[in-house]
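Chemist: What would the 3D arrangement of this be:
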Amino acid sequence: MRILKIIIPSSPSVNDSKRNVLQQQKLKVQRCENVLNNAFFSFENSLLLFWEAILAFCLIASVYCDAELNLKDNGQYNFLYNTGDAGAHKREETSNGDGTVSGSYSYVDPNGDLRKVEYKAGGSIGFQPSGDISVDKKTAEKAAEIAALAPKAPAVETPEVKIPASPFTLPLYAMPGIHAPLHIAPVPHPVAALPYAYVHHPAYFW
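Modeler: This is a model prediction of the structure:
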């Protein structure tokens, strides 16, 4: 650090008033130097604490977390992240370089259940998850219990309605038959055959 020093000349030509002014300026400069030194020391300590915290975090992450990334020039990659806590927080993803990825991840939900999800994703198929993607078990059980306690509408039995037979019976009348008039054509009388008429033509000879 550069320290500013003020040299007060001891020449007899400098009077006492000027000497006092120079001494006061020197005291002010010393105070400024002290303030700057304290501030720099505090900043240095803070920076040191910050880097110590970063280093501690990296050490903890290296112990409790395992991460790996393999990347190729053709776009293929394999990514793995594992906290090491019996697979509680884990993710794995693979790409074949054609824009389609497949992978899986696991986590512990707020109920303490380990959930595992497998997925496929791509521009043509979208995101397709499978596995533990439904409502968690405890929430489903509570929902079933609440549904069982809900009031139910009483079952209404519909009585069978029987129509009593009428004491009056309608008489059955025979419908008269409809007869069309029968027309019989008269039989024609036999007609005697007429004899053939013969006409005699004289023969002419030329």
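Chemist: so Gln24, which of the three states?
Modeler: Following DSSP: H, G, I helix; E, B strand; the rest coil, Gln24 is assigned to helix.
Chemist: how near is it to Gln30?
Modeler: 11 Å (CB to CB, to the nearest Å). Any C-beta I mention is one placed from the backbone N, CA and C, and that applies to glycine too.
Chemist: just Ile163 next, same as before
Modeler: Relative to Gln30, and taking CB to CB, Ile163 is found at 120 Å.
Chemist: So if I had to pick from Gln24 and Gln30, which one is more boxed in?
Modeler: Neighbours were counted for Gln24 and for Gln30 using other CB atoms under 10 Å; Gln30 has more, 14 against 10.
Chemist: Doesn't the more buried one belong to a strand?
Modeler: No - assessed with three-state DSSP, Gln30 is helix; it does not lie in a strand.
Chemist: Ile146 versus that one, what's the distance?
Modeler: Counting by CB to CB, the gap from Gln30 to Ile146 is 76 Å.
Chemist: Just want to check the distance between Leu80 and Ala143.
Modeler: Between Leu80 and Ala143 the distance, using CB to CB, works out to 36 Å.
Chemist: what's the closest non-adjacent residue to Ser102?
Modeler: Lys120 (4.8 Å; CB to CB, 6 or more residues apart in numbering).
Chemist: Would you mind pulling the contact partners of the helix or strand hosting the one you found?
Modeler: Following DSSP states H and E, one finds Lys120 within strand 114-122. Contact partners of strand 114-122, identified using CB atoms under 8 Å, 6 or more residues apart in numbering, comprise 87-88, 98-109, 127-133, 136.
Chemist: Just the buried ones from these, in PyMOL syntax?
Modeler: To isolate the buried subset of the contacts of strand 114-122 in PyMOL, counting by 16 or more other CB atoms under 10 Å, use the following:
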select buried, resi 101+103+104+105+106+107+132
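Chemist: Strands - which of the contacts of strand 114-122 land there?
Modeler: Secondary structure assignment by DSSP state E places 101-108, 127-131 of the contacts of strand 114-122 in strands.
Chemist: Between Leu80 and Ala143, tell me which one has more neighbours.
Modeler: Each of Leu80 and Ala143 has its neighbours counted (other CB under 10 Å); Leu80 has more, 15 against 11.
Chemist: Please verify my assumption that the more buried one contacts Ser104.
Modeler: No - contact criterion CB atoms under 8 Å: Leu80 and Ser104 do not qualify, at 10.6 Å.
Chemist: joint contacts of those two?
Modeler: Common neighbours of Leu80 and Ser104 (criterion: CB under 8 Å, 6+ apart): Arg91, Glu92.
Chemist: Mind listing the residues bridging to Lys120?
Modeler: With DSSP bridges applied, Lys120 shows beta-bridge pairing to Ser102, Gln128.
Chemist: Distance check, it against Ser95.
Modeler: 11 Å.
Chemist: Identify the contacts common to these two.
Modeler: Common neighbours of Lys120 and Ser95 (CB under 8 Å, 6+ apart) are Val101.
Chemist: Among those two, which residue is more densely surrounded?
Modeler: Neighbour totals were compared for Lys120 and Ser95, and Ser95 leads with 20 against 14 (other CB under 10 Å).
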